[in-house]
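I would like to see how this sequence folds:
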Amino acid sequence: LYSADTCDKTNLVGNYPCLDSYSEADEDQDLYCIQWKPYDNSKCGNELNTRTLYTADSWKYIDAHEIWGISRTGEHNTYSGGGYILKFVKNRESAFLMLGELFKYDWIDRKTRAVFLEFTLYNPNVNIFIYATLLVEFSEIGGAFTMTDTQAFKPVLSLSSLGFGLVVAFMIFLFYNIFLLFKIIWNCKVFGCLRYIREPWNFVDCISTFLAYSCIVIFVLRMKYTNTAMDMFYDDKVTDANRFINFGHIVIWDNVFNVVFAILVFISTIQILKILGYNKMFTGVLSVISKAGHDLIAFGFLLLILLIAFAFLAFLLFGSKLESYRNIYVTCGSLANTFIGKNKLDPLIVASPLTAQFFYMVYVVVVIMFMLTIFLSILNNSISAVKAEIANSSNSVGMVDIIRKSFRNFLEMFYRPERIEQKTGKLNDAITSI
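Predicted coordinates:
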């Protein structure tokens with residue numbers, strides 16, 4: 001990726017060359033001849049130039065939509081999905097010649113802001129693709145930052161790779177969500193949508209159904225893009241073409257599918273609590289949380305404000321010195337680690353001894369000790385109130401009572417007590433008559 005020459009020169013530097021930082025809006029998208037010379041169709045666009053140079057097309061900008069490109073975020077900046085692309089060939093000697101030509105004509109120069117090396121591997125033994133990205137970023141002040149990203153995904157599915165068990169699980173998942181969708185539609189028609197959704201568990205059913213059908217749609221889209229990419233790959237093998245086939249967008253769809261499916265599994269697991277609602281202990285826990293709901297919301301709002309304030313303070317104090325405080329998002333994660341004891345004070349003391357000790361002491365006293373004490377006191381008051389209510393109520397039903405009653409009703413289907421009394425009465429009459 002190449003940065004455009006948009007740097008504003010000031011009187012302090014005079015005619016000294018000024019190099020600006022990269023941004024997608026100001027990205028250089030011009031066509032160039034070899035060695036970044038201005039494009040001349042008579043010199044660069046003729047067939048002789050294309051035949052004699054291995055990298056003639058690597059000096060021409062390719063838009064992101066032509067290669068299914070998406071914006072990428074590195075350690076230093078966010079970059080567009082397009083750029084000046086070199087497609088390697090499978091022959092090792094030719095690949096070395098292409099690299100030698102790039103180095104000879106300074107394909108990577110001072111205006112280069114990022115170099116991506118992307119390749120895709122396939123393991124037929126386990127039917128898994130590996131999409132790897134190696135990134136080197138060059139800042140405007142001359143620094144270099146490296147980053148690697150490796151994604152494993154399985155977009156090509158077959159009955160042999162899935163197995164009979166997974167196929168049956170997929171079919172059960174599909175039919176269950178079809179049934180659940182019809183159930184929701186029928187209940188909305190009978191009781192009204194607003195009245196039906198007001199029930200918490202009905203709302204959970206609606207969310208899980210929406211996520212399930214979202215997973216199905218994402219799965220179909222991923223298969224569609226995968227089939228298109230594989231068709232291009234097989235066409236290149238037949239025609240000996242050397243097109244760049246980008247699997248990056250397929251990785252994105254695969255990650256989105258995994259995230260949505262993970263949320264669906266989480267919500268489906270929460271629905272187990274619907275069964276535990278008959279348990280006395282679990283009902284008491286829910287009562288404690290619901291009774292302290294308003295106080296907990298107010299406490300959470302106050303805690304959020306304090307955490308944001310400390311996050312900004314830590315970012316301003318240590319952001320220029322420590323990588324773990326380089327931006328607000330990372331700073332919030334570093335401060336959140338203190339709740340589980342993973343935060344380290346030594347790097348803060350090395351960066352700024354006096355400031356770090358004062359900041360850490362105030363943060364621990366205010367957030368961890370003071371705020372957690374308030375949180376425990378809120379729960380303690382709610383627990384005391386719920387215990388008093390449970391002690392006064394005598395008609396509480398637990399899960400054991402429900403199971404005992406259900407088991408008794410099941411036995412009575414085959415062996416009723418009335419039948420025993422009838423048989424006992426007949427036996428007594430027979431003895432009396434004898």
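
Give me the neighbour count for Ala292.
Residues lying near Ala292 (other CB atoms under 10 Å) number 20. (Glycine included, C-beta is placed from N, CA and C.)

so what's it up against?
With contact set as CB atoms under 8 Å, 6 or more residues apart in numbering, Ala292 has these partners: 378-379, 381-382.

one more time with 7 Å, if that's ok
Contacts for Ala292 (CB atoms under 7 Å, 6 or more residues apart in numbering) come out as 378-379, 382.

What subset of the residues you listed is buried?
The neighbour count (16 or more other CB atoms under 10 Å) marks 378, 382 as buried among the contacts of Ala292.

Could I get the full set of helices for the stretch 151-300 of the chain?
159-162, 164-191, 193-197, 200-239, 248-270, 272-276, 280-291, 293-318 (DSSP state H, counting those that start in this stretch).

still on that earlier bit, mind listing which of the contacts of Ala292 are in helices?
Mapping the contacts of Ala292 onto helices (DSSP state H) picks out 378-379, 382.

Could you dump these into a markdown table with pLDDT and distance to Gly192 added?
Shown next, in a markdown table, are the ones in helices among the contacts of Ala292 (pLDDT from 0 to 100; distance: CB to CB, whole Å):
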| residue | pLDDT | distance to Gly192 |
| --- | --- | --- |
| Ile378 | 87 | 36 |
| Leu379 | 85 | 37 |
| Ser382 | 84 | 34 |
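
Redo those as JSON lines? Include distance to His65.
Below are the ones in helices among the contacts of Ala292 laid out as JSON lines (distance: CB to CB, whole Å):
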{"residue": "Ile378", "distance to His65": "53"}
{"residue": "Leu379", "distance to His65": "54"}
{"residue": "Ser382", "distance to His65": "56"}
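
Looking at those, spot the one nearest Leu134.
Comparing the ones in helices among the contacts of Ala292 against Leu134 with CB to CB picks out Leu379 as the nearest, at 49.7 Å.

how far away is the residue lying closest to that closest one once chain neighbours are set aside from Ser382?
Leaving aside its chain neighbours, Leu379 sits nearest to Ala292 (6.2 Å; criterion: CB to CB, 6 or more residues apart in numbering). With distances taken as CB to CB, to the nearest Å, Ala292 is found 4 Å from Ser382.

tally of neighbours for the nearest residue to Leu31 once chain neighbours are set aside?
Leaving aside its chain neighbours, Leu31 sits nearest to Tyr39 (4.0 Å; criterion: CB to CB, 6+ apart). Counted with other CB under 10 Å, the neighbours of Tyr39 add up to 13.

Let me see the residues that make contact with stretch 300-309.
Identification of contacts with stretch 300-309 by CB under 7 Å, 6+ apart yields 335, 366-367, 371.

ok, now which ones touch Tyr196?
Counted by CB under 7 Å, 6+ apart, Tyr196 has contacts 187-188, 202.

Just the endpoints, please. Distance across stretch 37-52?
The straight-line separation of the ends of stretch 37-52 (CA to CA, to the nearest Å) is 17 Å.

Out of the contacts of stretch 300-309, flag the one nearest to Val220.
Nearest to Val220 among the contacts of stretch 300-309, with distances taken as CB to CB, is Leu335, at 41.3 Å.

ok now do the closest one, which residues does it touch?
By CB under 7 Å, 6+ apart, Leu335 lies in contact with 307, 310-311, 314.
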